[in-house]
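Trainee: Next input, structure requested:
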Amino acid sequence: MHKILGVLFIITTLFSTTMNAQKEVVGYWKGKLELPAMSLRIAFTITEEDGKLSSTMDSPDQGAFGIPCTDTKFENGKLTIDAKNLGINYVGTPEGEKMNGKFKQATLDLDLNLERSEKKEGREAKPQDPQEPFNYIVENIYFDNTEANLKLAGTLTLPKTKELAAVAIMISGSGAQDRDESLLGHKPFWVIADHLTNEGIAVLRFDDRGVGESTGKFSGATSADFATDVKAAIAYLKKRKDIDPKKIGLIGHSEGGLIAPMVAADNGDVAFIICMAGPGMAGKDLLPDQVRLIAEANGAGKEDVDKSYKATKKACALVAKEKDVDKLKTKLRKVFEADAEEDQTPEQVDAAISQYSSAWFRYFMKYNPQNDLKKVTCPVLAINGSLDLQVPADDNLEGIAKALKKAKNKDFTTKKLDNLNHLFQNCTTGSPSEYAGIKETIAPSTLKLMSEWINKRF
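Mentor: Predicted structure coming up:
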């Protein structure tokens, strides 16, 4: 009996010591991640319940808050936070109110030093954020994608008119996006929806599958899968009595500008398309140009730019050609290890291989949007910023126009907009490093162009 009590006492003491140690890291910690082309605020909220730690992550500059982390531990003086759903790992060593640590995600392996704070970072309001009271109806809606067995959640904004409204379905760019396409502190789709609805055009914007209130899994899905979500949105709108079923159109940004023609190619219910920075060439040709232009804008030397461009082009060609995933990974490893920077870790090479061999990436590299654009006969407005470095204007607009001519499309317009970047902000260089620091969410001239183009036809 005495020995048992002794063991219990030791366990209780150890538990108490662990609890006290864990309290060392409980709280709100914030810092700044210095990326090659920009800086991002990152914060962790760490809580403890019944001796177990948990945490959430904020990225205020990306408009992301309360992202759940999958695992949080504090052992041997080190804090480890994993967000496996995002491929993020953070390891830090607290010293009083400060913590030095490392942040890893995909190919990133960067210092992230944090400090404890009582004041939580928030999203900074932007000048174009819509303000209540709204002069239109706002309705939270849900619709089913029966093909994929998931429920999608969104917001429908409707003009206060007795006439049946034309409606635009917003389609987001690459990556998991919410209904506002929130990124780097901006909410472009909210701003677009507010403007269009005030101009008499209804707008449906929805959370991507697996994001926000939408069910399903984002990871592993391809552009073709996302196209079925858009088709489900069309089917939902056709059942509403306050929408004109002959005036349902699509507005796609970036990858969304690729998905819109994909949907319209075999769907006569699409009345119009606006492609905002939509690709007009295959992904295998687009990505190397993107890498080169961004590197040049960020001041990289010619030797480094050429090396990065050639490695990317070689890897993209492999992805587009090789059908066997295991063989692809082996071939990619040879490319990345041969062209890796001296300070590139094996983990970073593994992360690059994982990204390039993913289902989404393989689909994007092989897919040529011109094949579907050749079948699109509804009115099309394709716009790009002259300083867009992610989807360069000239080559992509030319590719779109070429395909639409083959479709014998009688109503299409392609337009390059001066001094605008990939997000359609007025900018200096077009580099993604500028996005977060620009107060403007989307150029008013772009908003006016879209609403006037739609209203002229509907």
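
Trainee: Which element, helix or strand, includes Asp289?
Mentor: Following DSSP states H and E, the helix or strand that holds Asp289 is helix 283-297.

Trainee: Starting from that helix, tell me the next helix or strand along the chain.
Mentor: Counting by DSSP H and E, the next helix or strand C-terminal to helix 283-297 is helix 302-321.

Trainee: what residues does that following helix touch?
Mentor: Helix 302-321 is contacted from outside by 282-285, 287-288, 291-292, 295-296, 300, 328, 331-332, 335-336, 339, 356-357, 361-362, 365-366, using CB atoms under 8 Å, 6 or more residues apart in numbering. The C-beta positions use only the backbone N, C-alpha and C, and glycine is treated the same way.

Trainee: which secondary structure elements does the helix or strand encompassing Ala193 contact?
Mentor: In this assignment (DSSP H and E), Ala193 forms part of helix 188-198. Using 3 or more CB pairs under 8 Å, 6 or more residues apart in numbering; DSSP states H and E, the elements in contact with helix 188-198 are strand 150-159, strand 165-171, strand 202-206, strand 243-253, helix 444-457.

Trainee: tell me what the shortest one is packed against?
Mentor: Right, strand 202-206. Against strand 202-206 (3+ CB pairs under 8 Å, 6+ apart) you get strand 150-159, strand 165-171, helix 188-198, helix 223-238.

Trainee: okay, these, which one's buried deepest?
Mentor: strand 165-171 (a mean of 27; mean count of other CB atoms under 10 Å).

Trainee: Need the mean per-residue confidence for the helix holding Ala193.
Mentor: On average, the pLDDT along helix 188-198 is 98.

Trainee: likewise stretch 211-231?
Mentor: Across stretch 211-231, the average pLDDT comes to 95.

Trainee: Equivalent analysis for stretch 112-132, please.
Mentor: Stretch 112-132 carries an average pLDDT of 91.

Trainee: Dump it to PDB, keeping only the CA atoms.
Mentor: Extracted in PDB, the C-alpha atoms of stretch 112-132 (Å, rounded to 0.1, in the frame of the first residue of the first chain):
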ATOM      1  CA  LEU A 112       9.700  32.900 -37.000                       C
ATOM      2  CA  ASN A 113      10.300  34.700 -33.700                       C
ATOM      3  CA  LEU A 114       7.200  35.300 -31.600                       C
ATOM      4  CA  GLU A 115       6.300  37.500 -28.600                       C
ATOM      5  CA  ARG A 116       3.500  37.100 -26.200                       C
ATOM      6  CA  SER A 117       0.800  39.800 -26.600                       C
ATOM      7  CA  GLU A 118      -2.500  40.700 -24.900                       C
ATOM      8  CA  LYS A 119      -3.700  42.400 -28.100                       C
ATOM      9  CA  LYS A 120      -4.800  40.100 -30.900                       C
ATOM     10  CA  GLU A 121      -4.000  41.000 -34.500                       C
ATOM     11  CA  GLY A 122      -7.000  41.700 -36.700                       C
ATOM     12  CA  ARG A 123      -7.800  42.200 -40.300                       C
ATOM     13  CA  GLU A 124      -7.200  45.800 -41.300                       C
ATOM     14  CA  ALA A 125     -10.300  47.300 -42.900                       C
ATOM     15  CA  LYS A 126      -9.800  48.300 -46.600                       C
ATOM     16  CA  PRO A 127     -11.200  51.400 -48.100                       C
ATOM     17  CA  GLN A 128     -13.400  49.500 -50.500                       C
ATOM     18  CA  ASP A 129     -14.900  47.100 -47.900                       C
ATOM     19  CA  PRO A 130     -18.700  47.300 -48.400                       C
ATOM     20  CA  GLN A 131     -20.500  49.200 -45.600                       C
ATOM     21  CA  GLU A 132     -23.900  48.600 -44.100                       C
END
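
Trainee: So which residue is smack in the middle of this structure?
Mentor: In the chain, the residue lying closest to the centroid (CA atoms, centre = their mean) is Gly175, at 3.3 Å.

Trainee: quick one: contacts for Asp42?
Mentor: Small correction: residue 42 is Ile, not Asp. 30-33, 57-59, 103, 112.

Trainee: And for Ser386?
Mentor: 393, 416-420.

Trainee: and of the helices and strands packed on helix 188-198, who's closest to Gly399?
Mentor: Taking CB to CB, strand 243-253 is the member of these nearest to Gly399, at 15.4 Å.

Trainee: and that closest one, what other elements does it pack with?
Mentor: So strand 243-253, by 3+ CB pairs under 8 Å, 6+ apart, packs with strand 165-171, helix 188-198, helix 223-238, helix 255-264, strand 272-276.

Trainee: The last one to helix 255-264, inter-axis angle?
Mentor: When axes from the mean of the first three to the mean of the last three CA atoms, to 10 degrees is applied, the directions of strand 272-276 and helix 255-264 differ by 160 degrees.

Trainee: So what are the sheet partners of strand 272-276 and their directions?
Mentor: Within its sheet, and counting by DSSP bridges, strand 272-276 is paired with strand 243-253 (parallel), strand 380-385 (parallel).
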